[in-house]
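Trainee: Pasting a predicted model and its sequence here:
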Amino acid sequence: EGTIVTYQDFSERSLGRPGWWASAVSSTLALVGMIIGGLVLEADNLNIIFPIHLQWPFGGDHSDDGRKWWALLMSVTTLVYCLVEVGNLLHGSGRIGIVLTVLCMVLVYSGTFGQLGSLGDFHTACMDGMDMPYRSLGINPGVGSGLEFERFMDVFSVSSYMIFIFAIVVTLPTLRSTMASKKSLTTVSAISFFIVALEFFVIMMISYYVFGNLGPQNVLDGMRTGRKAVPGWWARTDPWAVGRATWVAKVLGICMTLHLLCSDAIYVPVTVKAIEALLPKPIAATRSAWLCLRFGITVLRFLFAVVIRDFVKMNSLTSAAFVTMNNICLPILAFYSAGPHEKTGPVRKVMHGVIFIAGCLNMLFGTIS
C-alpha cells in the first residue's frame, strides 16, 4: 500500500493510474504557477516601498526595471527553500505566519482607511467613467450592448481568482506526511479556509469602498501621501498610484513579503517534491538530477517573474487551468470512485453534479479569459 505523501498518491489510490497522471500534471503545473505568482508579488511589493532606479541591462520597459532587480534578489530565497528540508521550514514558518497575518490585517485596514481623506479631492465628474462608475454592484451596469460575451468571460475570471484561495489543497498530503499529529490537519484546514475567506471578503469590500474601480492592482500602491503637491492628480489614468508610499505601506509591504516568504517555505519544497515524483526513480536518485532540478526551478521562477508583471492574471490563469482540476473535479471523481458515495443522498449528488459542471466550465472559460 505505502504511505500517501503527495497529491498524486491520493489520486492514484482513488482513481488508479489515469488519476495519478491527471493529478501529476495539473498539480505540478499549479504549484509552478503559484510560486511564480508569489515571486511576482514579492518583487512588486518591495519595488513599491523600496524602489530600485538602476537600469535593467536586458531591455524592456524601463518603468519596470526596479521590480526585475527585486525578482533577481529574491531568487536567492527560492534556492534556499529548494535546498532545505521541508519539515524544518514548516516548523518555523507556521508560527511566524500567524503573527504576520495579524499584523497584515491591522495594517491593511489602517492603511486603506487612511486614504479616505484623498477620496474627497476627486472632482465628481472624474469619478465615474463613460462605461464604468466609480463603484458598481454585480456586472457593470454601464456596459452597452455587444459586450455581453466579455462580461460572461469576466465572471469566470473572477471565479478563477476566488478558487485560488483553496490552492494549498494540493500540498495537504505532503504537509500531512511531515506532521506529528496527522489527525489535526482536517480541522485546522477547515478553520483556516474559513478565516482566509472572511479576510479576503472584508479586505475586498473595504478596498473597493475607498478605491472603487480606479483602485490599483496592488493595494500597497494606493497607500500614498503627498498627492496634493500634484495638481489634478485625481484626473490621471492611475490616480491612486500618485505620491509617495506611506509608512503604513512600507511596514505592510515588509510584513506581506515576509508572509509570502513563509508561504514559499511550503510551496517551493512541495513543488520540488512534485516534480521529482514525475522523474524516473533511477534518475531522480542521482546527485546531478537533485542539483539540476533545484537550480532549474530557481532560474525558471526568476525568468517568468521578470516577464510576467500582472500577478492577478497569473494567479487566475493558474487557478482556472490547474487548481480547479485538483480542488473541484478530481475530489468529486475520487469520492464517487473510492469514497462512501453509497450513503450520499440525492440532494448532495445534484450539488456535486452542479459543482463538477461549474468546475469544468471554469477550466475552459477561465483559462481563455
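Mentor: Thanks, I have the structure now.

Trainee: where does the stretch 151-300 of the chain dip in pLDDT?
Mentor: Counting by pLDDT under 70, the stretch 151-300 of the chain contains low-confidence ranges at 165-171, 174-175, 178-179.

Trainee: er, the stretch 1-150 of the chain I mean
Mentor: Using pLDDT under 70, the stretch 1-150 of the chain drops low at 1-3, 85-95, 130-131, 138-148.

Trainee: change it to 80
Mentor: Per-residue confidence for the stretch 1-150 of the chain (pLDDT under 80) gives these ranges: 1-10, 84-98, 123-126, 128-133, 135-150.

Trainee: Please enumerate the helices of it.
Mentor: 7-49, 65-83, 86-113, 116-119, 124-127, 148-163 (DSSP state H, counting those that start in this stretch).

Trainee: any residues touching the last one, and which ones?
Mentor: Contacts with helix 148-163, where a contact means CB atoms under 8 Å, 6 or more residues apart in numbering, come from 139-140, 143, 312, 315-317, 319-320, 323-324, 327-328, 358, 361-362, 365-366, 368-369. Bear in mind the C-beta positions are built from the backbone N, C-alpha and C, glycine included.

Trainee: And the helix or strand Pro282 falls within, what's buried?
Mentor: If you go by DSSP states H and E, Pro282 is part of helix 281-284. Across helix 281-284, burial judged by 16 or more other CB atoms under 10 Å covers no residue at all.

Trainee: So which residues make contact with it?
Mentor: Against helix 281-284 from outside (CB under 8 Å, 6+ apart): Glu276, Ala289, Trp290.

Trainee: residues touching the second one, list them.
Mentor: Just to be clear, that refers to Ala289. Leu279, Ile283.

Trainee: separation between the residue nearest the centre of the chain and Leu39?
Mentor: Closest to where the C-alpha atoms of the chain average out (CA atoms, centre = their mean) is Asn315, at 5.0 Å. According to CB to CB, to the nearest Å, Asn315 and Leu39 sit 12 Å apart.

Trainee: is it true that Met256 touches Cys104?
Mentor: Yes - the pair Met256 / Cys104 is scored as a contact, 5.8 Å apart, by CB atoms under 8 Å.

Trainee: Those two: who's more crowded?
Mentor: Met256 (23 against 19; other CB atoms under 10 Å).

Trainee: and the strand or helix carrying that one, which residues are buried?
Mentor: Taking DSSP H and E as the definition, one finds Met256 inside helix 247-278. Neighbour counts over helix 247-278 (16+ other CB under 10 Å) mark 248-277 as buried.

Trainee: do the same with stretch 302-311
Mentor: Phe302, Phe304, Ala305, Val306, Ile308, Arg309, Phe311.

Trainee: The residue nearest to the centre of the chain is in what secondary structure piece?
Mentor: helix 311-318.

Trainee: elements contacting the helix or strand following that helix?
Mentor: Downstream of helix 311-318, the first helix or strand assigned by DSSP H and E is helix 324. If contacts are counted by 3 or more CB pairs under 8 Å, 6 or more residues apart in numbering; DSSP states H and E, helix 324 sits against helix 346-368.

Trainee: Swap in 10 Å and give it another go.
Mentor: helix 148-163, helix 346-368 (3 or more CB pairs under 10 Å, 6 or more residues apart in numbering; DSSP states H and E).

Trainee: Can you lay out the ones you listed as TSV showing mean neighbour count?
Mentor: Formatted as TSV, those follow (neighbours: other CB atoms under 10 Å):
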stretch	mean neighbour count
helix 148-163	16
helix 346-368	15
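
Trainee: now the ones you listed in TSV, with distance to Ala71?
Mentor: Listed next are the helices and strands packed on helix 324 as TSV, based on distance: least, CB to CB, whole Å:
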stretch	distance to Ala71
helix 148-163	22
helix 346-368	25
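
Trainee: Can you get me the start-to-end distance on stretch 323-336?
Mentor: End-to-end distance for stretch 323-336, by CA to CA, to the nearest Å: 20 Å.

Trainee: Next, the buried residues of that stretch.
Mentor: 323-334, 336.

Trainee: Now the two most distant members of these.
Mentor: Val323 and Tyr336 (20.7 Å; CB to CB).

Trainee: Confirm for me that Asn327 is in contact with Ala320.
Mentor: No - contact between Asn327 and Ala320 fails when scored by CB atoms under 10 Å: they sit 11.4 Å apart.

Trainee: Overlap of the contact sets of the two?
Mentor: Common neighbours of Asn327 and Ala320, counting by CB atoms under 10 Å, 6 or more residues apart in numbering, are Ile163, Phe164, Gly359.

Trainee: and which of those is nearest Ser118?
Mentor: Nearest member of the shared contacts of Asn327 and Ala320 to Ser118, counting by CB to CB, is Phe164, at 29.8 Å.

Trainee: What distance do you get for Ser181 to Ser263?
Mentor: 22 Å.

Trainee: Likewise for Trp247?
Mentor: When distance is defined by CB to CB, Trp247 is 25 Å away from Ser263.

Trainee: Kindly export the helix holding Asn315 (C-alpha atoms) in CSV.
Mentor: What follows is helix 311-318, C-alpha atoms only, in CSV (Å, rounded to 0.1, in the frame of the first residue of the first chain):
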residue,chain,number,x,y,z
PHE,A,311,0.2,38.7,-10.7
VAL,A,312,-3.6,38.8,-10.6
LYS,A,313,-3.8,37.4,-14.2
MET,A,314,-1.1,34.9,-13.4
ASN,A,315,-2.9,33.6,-10.4
SER,A,316,-6.3,33.5,-12.2
LEU,A,317,-4.7,31.5,-15.1
THR,A,318,-3.1,29.1,-12.7
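
Trainee: going forward can the numbers begin at 42, since that is how I track them
Mentor: Done: numbering now begins at 42, and the last item shifts to helix 352-359.

Trainee: List the buried residues of that helix.
Mentor: Residues Phe352, Lys354, Met355, Asn356, Ser357, Leu358, Thr359 are the ones in helix 352-359 that count as buried (16+ other CB under 10 Å).
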